[in-house]
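# following is a predicted model, sequence given first.
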Amino acid sequence: MLHTPPARSLALRPATGTGIDTDTDTVDLTVVVPAYNEEHRLPRTLDAICRYLRSSPGRHAEWELIVVDDGSSDATAAVVRDAAAVEPRIRLLAPPPASAGRARNHGKGHALRLGVLASRGRRVLLTDADLATPIEELPALHDRLDAGFAAAIGSRAHPDALIEVDQHPLRRLAGRAGNRVIRAVVLPGVGDTQCGFKLFDGDRARAAFGRSRLDGWGIDVEILRAFRRADWPVAEVPVRWAHQAGSKIRPLDYGRVLLELLRLWRRGVRERLRAGDMAVLLGYLLLSVLLYKGLWADVGHRYLVDSGQDQNQWEWFFAVTADKVFGGSGLEDPFFTQLQNTPLGVNLMANTAMLGLGVPLAPVTALFGPGATWALVLTCGLAGTAGAWYWLLRKRFVRARRAAALGGALCAFAPPMISHANAHPNFAVLFMMPLIIDRLLRLCAGTRVRRDGVVLGLFLTYQVFLGEEALLLAAVGLVLFAVGYTAVRPAEARAAVRPLARGLAFAAAVCVPLLAYPLLWQFFGAQSYHSVLHGPVGNSPRAFWEFAGRSLAGHEATADALAINRTEQNAFFGWPLLVLTAAVVVWLWRDPRVRALGWVAFAASVLSLGRTIPVPWTGIVLPGPWRALADQPLFESVIESRVAMAAVPALGILLALACDQLCALGREPGPGAPGAGEPGAAKAGEPGAIDLALRIAGWAAVTAALLPLAPTPYTTADRVPVPSFIADGTWRAHVPKGYSLVPVPLPSPGNAEPLHWQTAAGLGFPLPGGYFNGPGGPDRRGIYGPQYRYTSALLEEVHRTGRVPHIGRKQRRAVRADLEFWRAGAVVLAPQPGDEALRVTLERLLGWQGEWIGGMWVWEVHGGT
């Protein structure tokens, strides 16, 4: 039984014309009519309502009609009093007069709240004073409540609604736009929230209005949202409706409604993020800050040691993106730049530029530098990914906050994620994945297929601009889950096929137009390529039960021997977590989700072993299932060891499900449970001895599995200072506009420090060479870095060996051709190991000695001359 919460402290004038004891009696129906300056329309409306209710004594044996005068300045109150003198079941409610002598107009929401909280009906009808929906439509609403609904609302948007007199086109357009905003932001799935003809269960209406806060036109949305959150079913019923002249809605009211919707949305966010949830999210953020404390100690001047040259590359991506956002690149294509690899350029869509974050964070980059954006993306990206998984787990999988918190933490801070968070935010910042999964699950339910398909299309589009390879790996994991779930629940899977297919079609209809140009440029534009060959890079089987170098229990030398570098430790789950996962799958085997998730973790791990699977300590090599995918389009560019990352969410969800069961042990004993009610039996909510032992053992196992995987802070070091020739702008006097700066050795994936110089100089000059993915020749097969030219190869060899080669006319001619190709303005050599051999080589190639300017050797060449 619902208890009506007390109304707010509201002083009301005594009810007029009541012939019933208002403290004790209930009636079958209360009709509430809000009124503001309605002296002309009310007589007809009251007469119509009273005649109808008197004519149906079977349904409305006892009724009351409450008119709430919301501060009218005309004779509205007098009209109601006159009607009440004839029909004592009419009541007038009105706020007390203000100091000026009359009550203030508070708004429709305030009036409805007064009327509903003063009502005594087992059912409460709300209708507008203009009676745009005739009272004769009431039986259709009664029928829906008789069928078990808690409310029935008149709908003009229903296909069977009859609009006898339509609104002005502009008002109709504004109303439809408002409904779209309401459905998108606050109340999805309701076609018409604003029709002023609604019938409610009385107790539930008083409960909802007692908790309401809005005083304006947004009250309808607030009440319907309250019913939805309480799981009280609401039916939309088609009605007859005719626009009435004299509407009280003014143009400014639409803006006020939007503000009220914003208040509702903000309140909803606060309600969802309870104190416990906020503590979890802040915990994730604190952990991320601790991991990157070295970066934050001196933003822009610290470098992640294990990132190789990737930090330079990513900061360059963020700087170039901000430059394009603020117009620094002129009319150049947004997905292409010649600032690197000049004059051929770089295809930004064919590289992991993460435009989905680089564009919105462009102001941060412009104001604080790309180093700040780099630190912000990594720190908030990891925390946001954990928060997104936490949200999905709480919504779809578990009840216990602790279980969701641990599952979300494993999904975001598992060893593969921590490894990539050294240098690959496109694999670590995955907050969109839980949102995409949630939308796919909605589609499988088949409730709002078109809407969910459109939203899914927008989510997928955005994820493409965050990271395509991560999306591909997620798709692999989802396909594996679909296969596993179909095997254990074929009937449910078949039922989901049709709505899922329709939703994916809607998603494709959104994605294809939005992504057509970017993907065409990526695959067919300048500096595009069709694959990147990297050779076999599968995980070693040992990598699964060992610990990562960054884990609390890890040993760097052991992990380094099992991975290609410290940013690609793509397994390293540790043997305790593997044992725990196997135990969880056995324990919760009856849950089809557990079996499907266990299959995902196993299959993704096996695929990540690569084309061949070496059996440890035996010398035996088995064929791996990855060979079936290795040469397929898209998959041919995937580093196969990364497929193990698809197992991470599966492990996180399995952990959350297990922890949820541990939290529930002994908490909800059934009334027929053995021993229930016997002397010495555990009280409800208290675990028994066996359950308590299981919980202690379970939490001990969880601790033993997770504690060794706890990540340790990333190692950072002071950045190499930018030479003053670059930092103080001296380069401007030596590199004319339109010419490039040629660092020696040329920028490459192994030497990307010149990219840092370029960002420090505000992208004022282009660079030949660089660190990017591009075509390696006429066949357009992808490579890391630029195509080598004679000069770059020669100088790289000198840098590697420390020997000055023979220099003749042929070599000088080849170097001059390269400098002309690069449109070189100056050649520069910074202090570095082996720089003496490089300096001598350059002097012999160019024919004169360089100048020591601003901490660098400088040769002005101006196009090779």
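Right, received. Where do you want to start? Worth saying up front: this structure is predicted, and the values here are computed from it rather than measured.
# start and end of stretch 480-495, how far apart?
18 Å (CA to CA, to the nearest Å).
# tell me which stretches of the stretch 501-650 of the chain form strands.
531-532, 612-614, 621-623 (DSSP state E, counting those that start in this stretch).
# helix, strand or coil for Pro43?
Classification of Pro43 using DSSP: H, G, I helix; E, B strand; the rest coil returns helix.
# which secondary structure element contains the nearest residue to Leu138 once chain neighbours are set aside?
In this structure, Leu138 finds its nearest non-sequential neighbour in Leu125, 6.6 Å apart by CB to CB, 6 or more residues apart in numbering. Backbone N, C-alpha and C define where each C-beta goes, glycine included. Leu125 is part of strand 121-127, with elements assigned from DSSP states H and E.
# then that strand to PDB, C-alphas only?
The C-alpha trace of strand 121-127 is given here as PDB (Å, rounded to 0.1, in the frame of the first residue of the first chain):
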ATOM      1  CA  GLY A 121     -10.400  10.000  -5.300                       C
ATOM      2  CA  ARG A 122      -9.400   6.500  -5.800                       C
ATOM      3  CA  ARG A 123      -8.700   7.700  -9.300                       C
ATOM      4  CA  VAL A 124      -7.600  11.300 -10.200                       C
ATOM      5  CA  LEU A 125      -8.300  12.900 -13.600                       C
ATOM      6  CA  LEU A 126      -6.300  15.900 -14.700                       C
ATOM      7  CA  THR A 127      -7.900  18.000 -17.500                       C
END
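# so how far is that strand from its chain's centroid?
Relative to the centre of its chain, strand 121-127 is centred 41 Å away, using CA atoms, centre = their mean, to the nearest Å.
# elements contacting that strand?
When contacts are defined as 3 or more CB pairs under 8 Å, 6 or more residues apart in numbering; DSSP states H and E, strand 121-127 packs onto strand 27-35, helix 108-117, helix 138-146, strand 197-201, helix 202-211.
# for that strand, buried residues please.
121, 123-127 (16 or more other CB atoms under 10 Å).
# turn the residues you listed into CSV, columns for distance to Ile639 and pLDDT.
Putting the buried residues of strand 121-127 into CSV (distance: CB to CB, whole Å; pLDDT from 0 to 100) gives the following:
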residue, distance to Ile639, pLDDT
Gly121, 68, 93
Arg123, 65, 95
Val124, 64, 95
Leu125, 65, 95
Leu126, 62, 94
Thr127, 66, 92
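# just checking, which helix or strand of this protein averages the lowest pLDDT?
Lowest mean confidence among the helices and strands of the chain (mean pLDDT, DSSP states H and E): helix 169-185, at a mean of 62.
# ok, Thr801 - how many residues close by?
11 (other CB atoms under 10 Å).
# should've said Phe397
When counting by other CB under 10 Å, one arrives at 18 neighbours for Phe397.
# list the contacts for it?
404, 407, 593, 653, 656-657, 660 (CB atoms under 8 Å, 6 or more residues apart in numbering).
# also Leu767?
Shown in contact with Leu767 (CB under 8 Å, 6+ apart): 339-342, 740-743, 747, 754-755, 758.
# mind running it again at 6 Å?
Leu767 is in contact with 340, 747, 754, 758, counting by CB atoms under 6 Å, 6 or more residues apart in numbering.
# buried residues in the helix or strand harbouring Trp241, which are they?
Per DSSP H and E: Trp241 is located in strand 240-242. By 16+ other CB under 10 Å, the buried positions in strand 240-242 come out as 240-241.
# may I have the strands that pair with it, each with its orientation?
Partners of strand 240-242 in the sheet, by DSSP bridges, are strand 162-165 (parallel).
# avg pLDDT for the strand it pairs with?
Across strand 162-165, pLDDT averages out at 78.
# endpoints of stretch 634-641, how far apart?
15 Å.
# list of residues touching the helix or strand containing Leu471?
If you go by DSSP H and E, Leu471 is part of helix 468-488. With contacts defined as CB under 6 Å, 6+ apart, helix 468-488 is touched by 427, 433, 463, 493, 592, 595-596, 599-600, 603, 645-646.
# ok, 7 Å please
426-427, 430, 433, 463-464, 493, 592, 595-597, 599-600, 603-604, 634, 638, 642-643, 645-646, 649-650 (CB atoms under 7 Å, 6 or more residues apart in numbering).
# filter the residues you listed down to the ones in helices?
426-427, 433, 463-464, 493, 592, 595-597, 599-600, 603-604, 649-650 (DSSP state H).
# which among those residues end up buried?
Here, 16+ other CB under 10 Å leaves 426-427, 433, 463-464, 493, 595-597, 599-600, 603-604, 649-650 buried among the ones in helices among the contacts of helix 468-488.
# of these, which is the nearest to Cys50?
If you rank these by distance to Cys50 using CB to CB, Ala493 comes first, at 57.3 Å.
# mind listing what that closest one touches?
485-486.
# returning to that earlier point: turn the helices and strands packed on strand 121-127 into a markdown table, including mean pLDDT, mean neighbour count and distance to Arg809.
Formatted as a markdown table, these follow (pLDDT from 0 to 100; neighbours: other CB atoms under 10 Å; distance: least, CB to CB, whole Å):
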| stretch | mean pLDDT | mean neighbour count | distance to Arg809 |
| --- | --- | --- | --- |
| strand 27-35 | 93 | 25 | 96 |
| helix 108-117 | 90 | 25 | 89 |
| helix 138-146 | 93 | 17 | 95 |
| strand 197-201 | 93 | 26 | 93 |
| helix 202-211 | 92 | 22 | 90 |
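# distance of the residue nearest the centre of the chain relative to Thr567?
With distances taken as CA atoms, centre = their mean, Met432 lies nearest the centre of the chain, 4.3 Å away. Met432 sits 21 Å away from Thr567 when distances are taken as CB to CB, to the nearest Å.
# Glu315 too?
On the measure of CB to CB, Glu315 and Thr567 end up 16 Å apart.
# of these two, which one has the most company?
Set side by side, Glu315 and Thr567 show more neighbours around Glu315, with 26 against 19, by other CB under 10 Å.
# did I read that right, that one in a strand?
No - judged by three-state DSSP, Glu315 forms no part of a strand; its state is helix.
# now do it against Tyr771, distance only.
From Glu315 to Tyr771 the distance is 11 Å (CB to CB).
# low-confidence stretches in the stretch 151-300 of the chain?
Within the stretch 151-300 of the chain, the ranges that satisfy pLDDT under 70 run 166-168, 170-187, 189, 245-258, 265-273.
# which stretches in the stretch 351-500 of the chain count as helices?
For the stretch 351-500 of the chain, applying DSSP state H, counting those that start in this stretch gives helices covering 355-358, 362-368, 370-392, 401-413, 415-420, 425-428, 432-445, 449-464, 468-488, 490-524.
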